[in-house]
Every structure is written in C-alpha cells, then in structure tokens.
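Trainee: curious how this folds, go ahead:
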Amino acid sequence: MPKITFIGAGSVVFAKRLIMDILSYPELSNSEIVLMDIDKERLDLIYALTQKIIKKLNSKAKVIATLNRREALYGSNYVINMIQVGGLEMFEKDVEIPRKYGIDQTVGDTIGPGGVFRGLRTIPVLLDIAKDMEELCPNALFINYSNPMAMNCWALNKATKIKNVGLCHSVQGTAMQLAEYIKVPYEEISYWVAGINHMAWFLEFKKGNEDLYPKLWQAMEVPEIYIKDAVRFEIMKYFGYFVTESTHHMSEYIPYFRKNPERIKELIPQRWDYLEICKSGWQPHYEKIKREINEEEPIIIEKSHEYAAPIIYSMETGNPCRINGNVNNDNLITNLPKDCCVEVPCLVDKLGIHPCFVGDLPPQLAALNRTNINVQELAVLGTLEKDPNKIYQAVMLDPLTSAILEPREIKKMVDEMFMEEKEWINIFKNKKY
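Mentor: Next up, the predicted model:
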C-alpha cells in the first residue's frame, strides 16, 4: 500500500483534514502515513491525533512520526507539502513592513511584496526537498499546498525533475459560493475553470445545458449578495467573468481597490486579515484537538473538498477523477507564457495527472493573469539565479505596489524587508542588495 509522507505535518488542523480524507477511502485504509515536522510539540500532537483517527475508523493504517526529513521521504509514493518557512514571525514582516509604506495586504502570500518574500524563503527549501526526493523516492508525486503556489510550482518545474502538482481549494470553494448565491444545489452545477492560482476564471458555469451566468448577473444586483463579494462582482462587471479567489485576496492582485482605506472599507466592510487569524484564531482549534486526543470530545470524521485524497485514490485504484491543478503551461493556455504555472482542469487516473488543453483565454482575462505572471517570473528567476535585482523588479511590477509607490520607494521597502528577513533568506549571502 502507498507510503504517504506529510512534510510540515505540524500544520495540525490542515493535516488532520487530509488524513481523514485519505483514510476515509477503504482502498487507502491500510496506507503508511509518515508525519514529518521540525516542531516536535506539534508533531507529537498530530501523531497522537492520527492514532485516534485510525482507531476510530478501525483502519489498518500505520503511522510514523519523525523529525528527520530524509527518513520521512525514503521510499515514499506521495509527498504532501504544507510548510511555512519562517513561520508567523516572517509572515508578520511580510505584511507589516509593506503596510508602513501604504501597501495594505490582507494576506500577502501570493504576489506583492509579501508573496515575493514568502517565495524567497520557500523555494530554496522546496528545491532541497526535491533534491532529496530525486535520490530517495524519484517516482513519487509531490503535492504542494504551500504558497506562493504559482512561484513554488514554477520553480520546481524549472529546476527539478520531480513530478508535482499544486493544489488549492479556491476553485471548488468558489463554486460552492456561487451555487449558494444563485440558489442552485452545488451537486447540480458543473464548471470549467482555468487561469492561474488565485486568479482563475469560471469560463463555463452550468446546470446541465443551462448557462448559469444570467442567474449570477441577477444575483449581483441583490445588495446583500453584492456586498459579500464586491471586488469579485466588480471584476465580473467590467471583465465579464467571475474569478476564483475571495474578495479579500483578489483585491491584492489588481491595482484598483486598495489604494486608500476609504475605498477598502467601502468594498470590504468586514475587515479580514489572515495574519491576525493565524496569530489569535487557531488556538481554539489546537485546544479542540487536545480534547479529542484525551477523549474529552468526539472526533467527527468528515470528508473535505480538498483534492489530495482523490488524487491518491485515483492513482492507486485507476478510478478516475477530475481536479483543478497547478501545472506547467505546456501549451495548455495558449495566450499565457510558455512554462509559467497555470491552474487548469486535470484528469487523474492510474497513470497520473493529465492536464487538459484550454486554448486561449478571453484576451482581457489573459491580460489580467499576465500582470501577475510578470511578478511570479521575476521572483522565480531572482531566486533561482540568486539575483537580488530581479527581486526588486518583481515587486516593482506588482500591480498594487506600482499603483501606490514610485520605484525609489519600492526599493527602500524591499531593502528593509531584505534586512529584517535576512535570517531566512540565505541565497543572497555575500551579495550586496
């Protein structure tokens, strides 16, 4: 049975979700689950919880916990990555330093100064993991959940031979939201979505042969619905299609809506900052897990809509499934740059992941995607080539940053981020920046 390795398993809440998904399939119920993290306390927590889940499901699965990455990788069939390099301390710098300069990121993990610097910290670690995999499990599939998704997968595709796919839940999550907006059961809708991670487009949205976009345009006219997703509805109003990532996220990737606090409050009256959620909001989840381990609270087995488990199930059994995955643009979206990272429908079977041909996106959508791809490309090249100038240029090309700051101001901000995060950015040692 498959050996499934979790790198960064100390992301306890998310690891719990994926472990329950995997073990809920009878065909995967005697898998070998290997949990690896650099934080022993968190690792012990998810190990104890996994034992409880195995017992509750009456599964024959085997679980191992280790602090040794090479030990965890040896002989793996699937490697699920969910690391956050630098932790909350560096995440806070990603957000707070740009905020001093007027760049108000609600998340800061995709593009923008926060996304570029998260990529700077993460890509070298992913390349180290891939190098180990080439030696210890060369045929394994690397399943990446870490952001910045497009930069990470682009770098892996460019610099390694490891099979990989990047997974996000924004496509299926948005589909559920849209179904709710138009009062159609989610199980009855179908969709064709393509673009880039956090900016993919609902090119088709249907119930049977019925186009559901007219219902979505009607829903936009309902004030209570519009204000829930004002940024995305504004994008649909002017560009014609609904986008996958949330109003909070999407407002970071374009130059229009986050220029001043007044406009932000008008379109996003309910403030949502992921850093604050991470700093204060997860503790109740950890306390709940401790209660579950101590059998003070029951473990509720629920399947999520994440794609990792269906991929493993389909590759192990041959029963196919369809996902949306982040893959190399090998002539899949023909009006986006070759070899960038695109998010497209993929079929999965015993032979692996088969990305679907999309062709040209509507030109206005491809144009919006390219503004983000520009940032991703310079950030990836700057990291792989160890060229700090390309990192400055990546941030200067960011749509929101360039709408607010001049190049000299951007350089000053990036200088400060380099200085404050130097402990975690090792690739530029002995180089001036």
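
Trainee: against which helices or strands is the helix or strand bottoming out on mean pLDDT in the chain packed?
Mentor: Every helix and strand in the chain was compared by mean pLDDT, DSSP states H and E; the lowest is helix 274-276, with a mean of 82. With contacts taken as 3 or more C-beta pairs under 8 Å, 6 or more residues apart in numbering; DSSP states H and E, helix 274-276 sits against helix 87-100. Yep, even glycine has a C-beta here, placed from its N, CA and C like the rest.

Trainee: name the residues that touch the helix it packs on?
Mentor: Applying C-beta atoms under 8 Å, 6 or more residues apart in numbering, the set of residues contacting helix 87-100 from outside is 84, 104-105, 108-109, 112-115, 117-118, 121, 273, 275, 278-279, 401, 413, 416-417, 420-421, 424.

Trainee: quick one, longest helix in the chain?
Mentor: Using DSSP state H, we find that the single longest helix of the chain is helix 112-136.

Trainee: and the angle from that helix to helix 87-100?
Mentor: Relative orientation of helix 112-136 versus helix 87-100 (axes from the mean of the first three to the mean of the last three C-alpha atoms, to 10 degrees): 150 degrees.

Trainee: picking that back up, now do the buried residues in the least confident helix or strand of the chain.
Mentor: Tyr274, Leu275 (16 or more other C-beta atoms under 10 Å).

Trainee: mind starting the numbering at 28 from now?
Mentor: Okay, using 28 as the starting number, the last item reads as helix 301-303.

Trainee: gap between whatever helix or strand comes next after it and the chain center?
Mentor: Next in sequence after helix 301-303, counting helices and strands by DSSP states H and E, comes helix 310-320. Relative to its parent chain, helix 310-320 has a centroid offset of 24 Å by C-alpha atoms, centre = their mean, to the nearest Å.

Trainee: so is Glu323 in a helix, a strand, or just coil?
Mentor: coil (DSSP: H, G, I helix; E, B strand; the rest coil).

Trainee: that one: neighbour count?
Mentor: 9 (other C-beta atoms under 10 Å).

Trainee: mind listing what it touches?
Mentor: So Glu323 contacts nothing (C-beta under 8 Å, 6+ apart).

Trainee: repeat that for Leu427.
Mentor: Per C-beta under 8 Å, 6+ apart, neighbours of Leu427: Ile130, Gln132, Gly139, Glu279, Tyr280, Ile281, Pro282, Arg285.

Trainee: from those residues, which land in strands?
Mentor: Cross-referencing the contacts of Leu427 against strands under DSSP state E gives no overlap.

Trainee: can you select the buried ones among those for me in PyMOL?
Mentor: Restricted to buried positions by 16+ other C-beta under 10 Å, the PyMOL selection for those reads:
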select buried, resi 130+132+139+279+280+281+285
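
Trainee: from the contacts of Leu427, which land in helices?
Mentor: Gly139.

Trainee: what's the closest of the contacts of Leu427 to Leu154?
Mentor: Gly139 (22.6 Å; C-beta to C-beta).
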